[in-house]
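J.: below is the sequence, then the predicted model.
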Amino acid sequence: MKLTKTILSGLLLSFFFFGNGLSQCDNSAIEYINANKVRASVLNDGSFFLNSNGGSFMVPFTLGDYPTTSTIWAGALWLGGIDETGGYKISRTDFQYVDYTSGPIDDNTLNIFDDGCKHFDRIWKIKREDILGLKEDFEDNGTINEPVPYSIKIWPAKGNPFFEEAMGFPLPDQELAPFFDRNNNGLFEPQSGEYPLINPTMPNAIPNEMTWSVFNNTANTENGFSEIATGTEVHFMTYAFNCSENNPLNYTVFTRHKIINKSGGDLSEFKIGIWLDPDLGCYADDYFGCDTTLNAQYIYNSDNDDNDLLCAGIGTYGENPPVQAITFLNKKLSNFGYYNNAGINNPPPGTWGPTDVIGFYNYLSGKWRDDSRISYGGSGYGQPGDFVNHVFPDSPSDPNGWNMVNEQLSQYDRRTIMSAGLPNFPAGAEAILDAAFSYHREPGSDHIENVDVALSEIPMIQAFYDNGFSNECMQVVKTKERVNLDLSLDISPNPNHGAFNLFFEKTNTTSHIRIFDFSGKIISQNEIPAGASQYHVDLKNKLSAGIYFLKWILANGQFATKKVVVK
């Protein structure tokens, strides 16, 4: 039971950090990203969203509001591939083994740097205001006039001239944390107006918070199955945007795993997986499914009340529980499967967690641990039916689909594995997996309707990513535009058919409204005269069904936003 896991969470965390003995030093760093309505823990051992108190993807989170409720107990990066001799190479983190150790791998020797684990057993965090401050300082007159923020001085990007003095050790002369390279010389030079970034190809994509860390699994290291490790270096980022109150982005944390093959050899049939122990509040009544067109999995409640006697003392979501989604933003969802905790309700042994390298690789490949294929229907295990690569691909609102609601499956303690496949992963090659962890809950919607809400909001998050985060996000922390979340702005009716009324505070000056689609394109904009307290918008037959965003902008630069749902 996860109630037992809650009691023993400190012990379990010691397994993550110290207990396995396979890592060459302790991976003990922990940080929190809390830019919006999510507070999530970040670790540097291949796992994420776990801390000593248990699940740590807390949403909705308000500072000072305790206790909080979490949707995820733990997540982790799983990797697997086949080397040139036909042998399996794997890397994982779970409740027993930590295959990763802190720090980068030397590009030349393919070994860990001396003291690399000690120096890199940390997570770097930076905030939007530090980046914008330096960026605008430079763009004002081409010179940095203000002191460089400390968070930028210690950013572990190649060539950072402030790093060694600030951190007490030199950086390796190789690519590490990403940055905007204004002069394209490959070196990070904050004094020249260069700043940290998610992706150097998107210089205007600046989240409200982001973290970066590096860990590895060198090829000369055995893992928990006594098999040779993948020999990979992983650069792990999390980031989040503080958008308007009703924007799904305000309930989303993004992750980026940049994986570099430093094994010294080519790998084939390489799998990049996210292992998840989902606990949507109470763990005892969770269901899950996937949408292959959206490359997403989602966790939802099996009934409309997230309470169970087994979860006494655990924070729950009560009635109309939410949905937690995980979306691959730049990779196809090749496989989606799960396994059962062997100690809960005696599930079939073939569906237990992996105990050898074949079982591990099978789960990454969309099979069961006993090498059997997933079959369509029922639990997906041990029954006649067409072989498939994804379990429960139909929405629970579909009365004829394959979903956990229709199958009425027994309650087990389940883990999910979603993976993307690369046919070839040559020595020295890089692969990036970008993902979004998003929370969805519409007032008045039940547990099934919230799945449909999630499936309608995931495309907006995908479009935000596809457009290089250049959409109108209505970010709260800006230096030249001010948001006031206390401004009164109401829309009625909402949902609507494209015609609705706005109700707002009377102003002494003119104001403006802009309406955006989920890709950030401006659909309509109008001026509202001074002294008005309401305004009618009529876009019937001009808006297709979907989600839009309305921004009301005052003359002093303050603004408020609302989501508009068109049926």
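T.: That came in fine, so what should we check first?
J.: next SSE downstream of the helix or strand encompassing L433?
T.: L433 belongs to strand 430-440 when assigned by DSSP states H and E. Per DSSP H and E, strand 430-440 leads on to helix 449-466 as the next helix or strand towards the C-terminus.
J.: return the set of buried residues in that following helix.
T.: Judged by neighbour count (16 or more other Cβ atoms under 10 Å), helix 449-466 contains these buried residues: 449-462, 464-465. Using the backbone N, CA and C atoms, a C-beta is placed for each residue, glycine as well.
J.: same check, this time on stretch 158-174
T.: Neighbour-count burial for stretch 158-174 flags 158-160, 162-163, 167, 171-172 (criterion: 16+ other Cβ under 10 Å).
J.: N295 against N335, yeah?
T.: No - with contact defined as Cβ atoms under 8 Å, N295 does not reach N335; the gap is 11.4 Å.
J.: show me the buried residues of stretch 158-174 that map onto strands.
T.: Judged by DSSP state E, strands contain none of the buried residues of stretch 158-174.
J.: for burial, what's the neighbour tally of N108?
T.: 9 (other Cβ atoms under 10 Å).
J.: how far away is it from P170?
T.: 16 Å (Cβ to Cβ, to the nearest Å).
J.: over to F57?
T.: From F57 to P170 the distance is 35 Å (Cβ to Cβ).
J.: again, but for C243
T.: 39 Å.
J.: quick one: low-confidence ranges for the stretch 351-500 of the chain?
T.: 471-487 (pLDDT under 70).
J.: show me the strands in it, by range?
T.: In the stretch 351-500 of the chain, strands defined by DSSP state E, counting those that start in this stretch lie at 374-375, 387-388, 414-425, 430-440, 489-492, 499-504, listed in chain order.
J.: columns mean neighbour count and distance to D306 on top of those, output as a markdown table?
T.: Shown next, in a markdown table, are the strands of the stretch 351-500 of the chain (neighbours: other Cβ atoms under 10 Å; distance: least, Cβ to Cβ, whole Å):
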| stretch | mean neighbour count | distance to D306 |
| --- | --- | --- |
| strand 374-375 | 20 | 28 |
| strand 387-388 | 16 | 29 |
| strand 414-425 | 20 | 16 |
| strand 430-440 | 21 | 13 |
| strand 489-492 | 14 | 29 |
| strand 499-504 | 18 | 32 |
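J.: what's the closest of those to S213?
T.: strand 430-440 (15.4 Å; Cβ to Cβ).
J.: distance from the strand holding L433 to the middle of the chain?
T.: Relative to the centre of its chain, strand 430-440 is centred 5 Å away, using Cα atoms, centre = their mean, to the nearest Å.
J.: what's around the residue lying closest to A499 once chain neighbours are set aside, how many residues?
T.: Excluding the flanking residues, the one nearest A499 by Cβ to Cβ, 6 or more residues apart in numbering is D538, at 4.6 Å. Applying other Cβ under 10 Å, we find 11 residues neighbouring D538.
J.: now D538: how far from I126?
T.: Using Cβ to Cβ, we find D538 at a distance of 44 Å from I126.
J.: rewinding a little: got the strands of the stretch 351-500 of the chain as JSON lines, with distance to N199 columns?
T.: Formatted as JSON lines, those follow (distance: least, Cβ to Cβ, whole Å):
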{"stretch": "strand 374-375", "distance to N199": "34"}
{"stretch": "strand 387-388", "distance to N199": "34"}
{"stretch": "strand 414-425", "distance to N199": "18"}
{"stretch": "strand 430-440", "distance to N199": "9"}
{"stretch": "strand 489-492", "distance to N199": "33"}
{"stretch": "strand 499-504", "distance to N199": "37"}
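J.: and those strands: which comes nearest Q324?
T.: Short answer: strand 430-440, nearest of the strands of the stretch 351-500 of the chain by Cβ to Cβ, at 5.8 Å.
J.: that closest one packs against which elements?
T.: Counting contacts by 3 or more Cβ pairs under 8 Å, 6 or more residues apart in numbering; DSSP states H and E, strand 430-440 packs against strand 252-261, strand 267-278, strand 323-328, strand 414-425, helix 449-466.
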